[in-house]
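*Asks:* pasting the structure only:
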């Protein structure tokens, strides 16, 4: 069984335009059309059982519509899709917004320091992470370089480590294996810490030796399989996990068990 812990979808009306724009900025061809149906089709082809959708709130005014849509997805596609909520660091009342996310039944939040233009160690993010943690929510953040956005890098490993040391969130997930294309720094500052890494958009860019070096230092129960769909193929990335020279039990944990435990989902339900 497989859980993809990091996916994105766009409304049908703007998906084509959005994908085209992002493809030009990144130089990467999308693996799906970026729609909800496109995600479901790719899941069927790759035999992915559950996908976690991570919406990004790029301005505070989007908060209500994005989070209500997340709730509707969870209700309609229960057991197949699981959308987190989103929040912007410039929220006028971050505590009320995080409470609303929790009250909507969403299991976590996504933040994106590069898209939101705020450094990860800014007080606005630290307050959000601290309060979301207090409410028992999972916090997923983009980590490392963003392929489509110029410097500065808003969530580098050294700054992320300071946030972890100060707040000590119990369910923090760093996308892109701790920091996209900053994996030597991930090894230095983050590997071995009490934090989750997802594998989104990683396998085409990291040498297997370095992937295994980080894995060897990090807790095996804190690695989550993820694709960053529509930007990577689930089928191809699953094969990358299966090809790793590690125990089958660890592969199963990465592909499924770790995510189910973090999400508190009983596979028998």
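*Replies:* Sure thing, it's come through. Because the structure is a prediction, the values reported are computed rather than measured.
*Asks:* Which of the helices or strands spans residue 160?
*Replies:* Following DSSP states H and E, one finds residue 160 within helix 157-167.
*Asks:* Count the neighbours of residue 74 for me.
*Replies:* Residue neighbour count, defined by other CB atoms under 10 Å, stands at 20 for residue 74. C-beta: built from backbone N, CA, C; applies to glycine.
*Asks:* So for the helix or strand harbouring it, what gets flagged as buried?
*Replies:* Using DSSP H and E, residue 74 maps to helix 63-76. Applying a neighbour-count criterion of 16 or more other CB atoms under 10 Å, one finds 63, 66-67, 69-71, 73-74 buried in helix 63-76.
*Asks:* Need these in TSV (columns: pLDDT and distance to residue 266).
*Replies:* Output for those, formatted as TSV (pLDDT from 0 to 100; distance: CB to CB, whole Å):
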residue	pLDDT	distance to residue 266
63	97	31
66	96	28
67	97	25
69	96	26
70	97	22
71	98	21
73	96	21
74	97	17
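*Asks:* Widest-spaced pair of those?
*Replies:* For those, with distances taken as CB to CB, the pair at the greatest spread is 63 and 74 (16.9 Å).
*Asks:* now for the helix or strand residue 51 falls within, which elements pack on it?
*Replies:* If you go by DSSP H and E, residue 51 is part of strand 50-53. For strand 50-53, the elements it packs on are strand 3-7, helix 36-46, strand 81-83, helix 258-263, judged by 3 or more CB pairs under 8 Å, 6 or more residues apart in numbering; DSSP states H and E.
*Asks:* Pick the most deeply packed of the ones you listed.
*Replies:* Of all those, strand 3-7 has the most neighbours on average by mean count of other CB atoms under 10 Å, namely a mean of 27.
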